[in-house]
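Novice: Okay, sequence plus prediction incoming.
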Amino acid sequence: MIISGLKRSYMEQQPEPKHTAGLLEFGVPLEQLEVESVIPDPRPNRDGKPKGIITIMATALAADVYKLKNAVRTLDLHFTALHGYPIAVVHEDFSRSLMREVQAAAPQSYIRFVRVRFRLPASLQAKNAAMQNVQRHWWTGNRNSPDYPYHKGSTGGLQPWAKRMVSYPFGYQHMCRFFSGAGFRLDFFKEYDYYWRLDSDSEMNHGVQDLFQMMDRDHIDYIYNTQFSDAGPSLLPFPSI
């Protein structure tokens, strides 16, 4: 869970310096295409609440849509129906019927579908072509084992990006870049002061206080919370307790 103040964290920053490689230029090559919704906004004035939005990025793949619908369903049940904040689903290729399907999973919530276009900088396009057949991030083996593709020499001469490119597809890297700040410079987010970033497989299983209101009241810029569990193989050398 990441909640941040958009204006404080991004909108008021000085423009980043240009980099000749094109790798760090915010806003390029990310483009906002259109913003849609399938129902009217039931609370256009937000009842005087802070301008906050819950932001989720998702693909149109069936497995991702299944998780997304569960995420917005639990949000609807435990947060948005009570506090009235909208949800933004950032995507590249949702159809109108798919938008209606996702909205139907959260009937008491207002979902805005933000269509964007991700493109690789010219400096990475050749590397993308060279790396398209390597192992992707859903590798299920031990990443420290000799069998892991990176350790088998599949990286070629593409350092310093090679290890990341072997481990994670460019779609994942686009997502990381979006949430590191580039995405929140899109025109859509100029309407909001705070965003709450969630993954498409996030799930809310109990009620949560109005975090946007708490941040606004207490002048908080950033909240971060995460939880990890140890993978089974990492515990094998240790005796059971």
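Specialist: That came through, no problem.
Novice: where are the low-confidence patches of this structure?
Specialist: 1-29, 120-170, 226-241 (pLDDT under 70).
Novice: start to end distance for stretch 52-69?
Specialist: 21 Å (C-alpha to C-alpha, to the nearest Å).
Novice: now the strands for this structure?
Specialist: 2-5, 30-36, 52-57, 87-91, 111-118, 194-198, 222-224 (DSSP state E).
Novice: what does the second one rub up against?
Specialist: Residues external to strand 30-36 that are found in contact with it (C-beta atoms under 8 Å, 6 or more residues apart in numbering): 96, 99, 112-119, 174, 177-178, 182-183, 186-188. C-beta coordinates here come from the backbone N, C-alpha and C atoms, glycine included.
Novice: one more time with 6 Å, if that's ok
Specialist: 112-117, 182, 186-188 (C-beta atoms under 6 Å, 6 or more residues apart in numbering).
Novice: Mind giving me the ChimeraX command for buried ones among those residues?
Specialist: With 16 or more other C-beta atoms under 10 Å as the criterion, this ChimeraX line picks the buried residues out of the contacts of strand 30-36:
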select :112,113,114,115,116,182,186,188
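Novice: With distance to residue 72 added, can I get the strands of the chain in TSV?
Specialist: Listed next are the strands of the chain as TSV, based on distance: least, C-beta to C-beta, whole Å:
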stretch	distance to residue 72
strand 2-5	17
strand 30-36	15
strand 52-57	8
strand 87-91	6
strand 111-118	7
strand 194-198	10
strand 222-224	21
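Novice: quick one: which of the ones you listed is nearest residue 211?
Specialist: Residue 211 lies closest to strand 2-5 among the strands of the chain, at 5.7 Å (C-beta to C-beta).
Novice: now the helices: where do they sit in the protein?
Specialist: 6, 62-75, 81-83, 96-104, 122-131, 162-167, 170-177, 211-218, 232-235 (DSSP state H).
Novice: residues touching residue 216, list them.
Specialist: Contacts of residue 216 by C-beta under 6 Å, 6+ apart are residue 50.
Novice: Swap in 8 Å and give it another go.
Specialist: 50, 193-194.
Novice: What distance do you get for it to residue 188?
Specialist: Applying C-beta to C-beta, to the nearest Å, the value for residue 216 to residue 188 is 20 Å.
Novice: Residue 50 too?
Specialist: For residue 50, the distance to residue 188 (C-beta to C-beta) stands at 17 Å.
Novice: Alright, I will stop here.
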